[in-house]
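J.: Okay, sequence plus prediction incoming.
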Amino acid sequence: MTRTRLGTALWYVRLSWFLGGVGLQRLAAYRLDFALGAGAFLVRVGVQTAVVGLVFRQVPAVGGWSYHEVLFLLGFSLLPRGLDHLFTDQLWELGRKLVQRGEFYRYLIRPVNPLFSLLSERFFHPDALGELVVGAALVTYAGTSLDLDLTATQWALAPLLVLCGALIHTAVKLFFASLSFWTVTSLPALYAASQVSEFAAYPLDIYHASLRALLTWVLPFAFTSYVPAVYLLSGDTALLGWLPVVTALSLLLALAVWRRGVNAYEMTGS
Amino acid sequence: MNVRAGRYVPFATGGLQSLLQYRSMFVVTGVTAAAGAAVTVFLWRAVYAGSPDGGTGPGGFTPAGITTYLLVAQVLQILHANRVDDEVAAEVYRGDVAVMLVRPVSYPLVRLFACLPVVAANAVLVGVPVLVLFSFLVPLTTPRPVDAALFAVSTALSVLIAFCVNLLTGMTGFVTTNTWGVRMVKQSVVAFFAGQLVPIALMPGPLAAVAHALPFRGMVDGPLTLLLGRYDGAGGAVAVLAQQAGWVAGLSVLCAVLWRAALGRLEVLGG
């Protein structure tokens, strides 16, 4: 069967649309689960916000950041995280058990890209809606309180910043999940990486220099929230130029590791 | 209910053996705890950055004092992460709990004995290294010997409170299948009201009142009040310990009652 590239792309789009719809059906089938999952994020972010509130009861600024600026950063950090969570959390399953239990082969025998096949098994994780809604609410509230007046360029770039951030989250997750092709299960590594991403919810300026370097250049979570938030709040573009570069490099590295892993799996698979 | 300890020793050794099969879990727990500690420690150190060395800032903490508080709070949290909540929830969910019911032992006590080696191993293999790591990075206060001893007793009680809280969380498996969401809510709420993220002394009146009325305070704020010597004479120290002991007793009764009620429900559902 020959298909043009455009035809293939359109076919994937149609397939995603359909499978996304199938994922939505879960919303109706497991309403309590959805409510608990989304509610859990609500509580977690609520607690995080309360902590920030209590910190700023003591001092007017932390590391040069005001209360509403930190809230803006906290809210913004949830947007790329939620967007990534919405579509790619099936990668956790890969890291956790798919290689361990020898179940991975089923993504190789389908007539679609194996990565697409894996992600599409559960294309829509409604829990993430909790993150996205809270993130948007915090950003709106903090932005209004700060009288934030974004320029046209900033408005135009904002969705791209969120998208790049989501792709960085995806790349890190894909990288660590793919390690399971060699280590059987990479859940510990995945979990540790997701824990490190929590740092991105607070201003980088408060951390030790070594930690700042780690979050910027090794596990580049700074580019998912700190760098975009600094740009939107102050127009400072010092690190912004690196954002597309870091996003592209992270994705390329993760995809390379994934591809090598898939090949390694074929070699050892029975 | 049979409470002869001898019957439960095999469960303790079994718990230890299954734990040692997943040694990488210690690394994860360590990284997680270190990351959590770093976030709160750096956040609050930025607040105390203006306070003079040796002088006290908000809540009567010195910069070293608040650092010690938050770091030890994180280590206590490692001791409280006994996995009872997800194991009980999973066993209830899969129906494995039925196997346990035909044995002449009490399931909650089996869980308690199985979790003690986890707590001990986490303390030695994760808690101590995290503490040592941070002692190189940030200044900490050294407690007086008497405070350290009181802290040890208080920590033992806090482990029991955490066990009861996690058992109750795990028992929600009888009601809902999404115990992941329930556990996440529990973790956030407990961490907050235990004083793990913000010392209760720094909370505004109404919030502090809520924290005082809840049992979670005995998990973190209680032991740290003793460790940092922030109590009022011998009476103050006894009051902290008595309150913890009271919650241990109360929560144990609650666990026992709810466990019986849940078993009744399990019979209805089982088939």
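T.: Cool, the structure landed.
J.: Quick check: pLDDT value at whichever residue of chain B sits closest to chain A.
T.: Among the residues of chain B, residue B:181 lies closest to chain A, at 3.4 Å counting by C-beta to the nearest C-beta. In this view, the C-beta of every residue, glycine as well, is placed from N, C-alpha and C. Per-residue pLDDT puts residue B:181 at 83.
J.: what's the burial count for it?
T.: 24 (other C-beta atoms under 10 Å in any protein chain shown).
J.: Return the residues of the stretch 101-250 of chain A in contact with chain B.
T.: A:127, A:188, A:191-192, A:195-196, A:198-199, A:202, A:206-208, A:211 (C-beta under 8 Å from any C-beta of the partner chain).
J.: ranking these by neighbours, who comes first?
T.: Neighbour max across those (other C-beta under 10 Å) = residue A:202, 27 neighbours.
J.: the helices in the stretch 151-270 of chain A, which residues?
T.: Remark: helices assigned in the stretch 151-270 of chain A by DSSP state H, counting those that start in this stretch are A:152-178, A:180-183, A:187-196, A:209-213, A:226-234, A:242-268.
J.: what's the most buried one of the ones you listed?
T.: helix A:226-234 (a mean of 22; mean count of other C-beta atoms under 10 Å in any protein chain shown).
J.: which residues touch residue A:179?
T.: A:95, A:186, A:189, A:257, A:261 (C-beta atoms under 8 Å, 6 or more residues apart in numbering or on different chains).
J.: and those as a markdown table, adding distance to residue A:20?
T.: What follows is these, written out as a markdown table (distance: C-beta to C-beta, whole Å):
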| residue | distance to residue A:20 |
| --- | --- |
| A:95 | 23 |
| A:186 | 27 |
| A:189 | 29 |
| A:257 | 26 |
| A:261 | 26 |
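J.: Ignoring the adjacent residues along the chain, who's closest to the residue nearest the centre of chain B?
T.: Residue closest to the mean C-alpha point of chain B, counted by C-alpha atoms, centre = their mean, is residue B:80 at 2.8 Å. In space, and not counting its chain neighbours, residue B:80 is closest to residue B:162: 3.5 Å by C-beta to C-beta, 6 or more residues apart in numbering or on different chains.
J.: Check the burial of the one you found by counting its neighbours.
T.: Neighbour number of residue B:162 under other C-beta under 10 Å is 28.
J.: Let me see the mean pLDDT of the helix or strand containing it.
T.: Taking DSSP states H and E as the criterion, residue B:162 maps to helix B:145-170. The average pLDDT for helix B:145-170 rounds to 94.
J.: Could you check the helix or strand hosting residue B:36 against chain A for contacts?
T.: In this assignment (DSSP H and E), residue B:36 forms part of helix B:24-47. Yes. Using C-beta under 8 Å from any C-beta, we find that helix B:24-47 touches chain A at B:24-25, B:27-28, B:31-32, B:35-36, B:38-40, B:42-47.
J.: What average pLDDT does that helix get?
T.: If you average the pLDDT values across helix B:24-47, you get 85.
J.: Just the angle for it relative to helix A:187-196, thanks.
T.: 10 degrees (axes from the mean of the first three to the mean of the last three C-alpha atoms, to 10 degrees).
J.: In PDB, list the C-alpha atoms belonging to helix B:24-47.
T.: Output of helix B:24-47 as PDB, limited to C-alpha atoms (Å, rounded to 0.1, in the frame of the first residue of the first chain):
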ATOM      1  CA  SER B  24      16.400   0.500  43.800                       C
ATOM      2  CA  MET B  25      13.300   1.700  45.700                       C
ATOM      3  CA  PHE B  26      15.700   3.100  48.400                       C
ATOM      4  CA  VAL B  27      17.400   5.200  45.700                       C
ATOM      5  CA  VAL B  28      14.100   6.500  44.500                       C
ATOM      6  CA  THR B  29      12.900   7.300  48.100                       C
ATOM      7  CA  GLY B  30      16.200   9.000  48.600                       C
ATOM      8  CA  VAL B  31      16.100  11.200  45.500                       C
ATOM      9  CA  THR B  32      12.400  12.000  46.200                       C
ATOM     10  CA  ALA B  33      13.100  13.000  49.800                       C
ATOM     11  CA  ALA B  34      16.200  15.000  48.900                       C
ATOM     12  CA  ALA B  35      14.300  16.800  46.100                       C
ATOM     13  CA  GLY B  36      11.300  17.500  48.400                       C
ATOM     14  CA  ALA B  37      13.700  18.700  51.200                       C
ATOM     15  CA  ALA B  38      15.600  20.900  48.800                       C
ATOM     16  CA  VAL B  39      12.500  22.700  47.500                       C
ATOM     17  CA  THR B  40      11.100  23.500  51.000                       C
ATOM     18  CA  VAL B  41      14.500  24.200  52.500                       C
ATOM     19  CA  PHE B  42      15.600  26.600  49.800                       C
ATOM     20  CA  LEU B  43      12.100  28.300  49.800                       C
ATOM     21  CA  TRP B  44      12.200  29.000  53.500                       C
ATOM     22  CA  ARG B  45      15.900  29.800  53.600                       C
ATOM     23  CA  ALA B  46      15.100  32.600  51.100                       C
ATOM     24  CA  VAL B  47      12.600  33.900  53.700                       C
END
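J.: Can you spell out which helices and strands pack onto the very next helix or strand once past it?
T.: Going down the chain from helix B:24-47, the next helix or strand is helix B:63-80, by DSSP H and E. Here helix B:63-80 touches helix B:24-47, helix B:107-122, helix B:128-137, helix B:145-170, helix B:221-227, going by 3 or more C-beta pairs under 8 Å, 6 or more residues apart in numbering or on different chains; DSSP states H and E.
J.: Ranking those helices by mean neighbour count, which comes first?
T.: Note that of these, helix B:221-227 is the most buried (mean count of other C-beta under 10 Å), with a mean of 26.
J.: That one and chain A, are they touching?
T.: No. Shown here: helix B:221-227 not in contact with chain A (C-beta under 8 Å from any C-beta), separated by at least 14.0 Å.
J.: Please enumerate residues in contact with that helix?
T.: B:68-69, B:72-73, B:76, B:143, B:147-148, B:150-151, B:154-155, B:157-158, B:194-195, B:199-200, B:211, B:230-231, B:237, B:240-241, B:243-244.
J.: again, 6 Å this time
T.: Residues from elsewhere that reach helix B:221-227, judged by C-beta atoms under 6 Å, 6 or more residues apart in numbering or on different chains: B:69, B:72, B:143, B:147, B:150-151, B:154-155, B:158, B:195, B:200, B:231, B:240, B:244.
J.: Distance from that helix to the middle of the chain?
T.: 13 Å (C-alpha atoms, centre = their mean, to the nearest Å).
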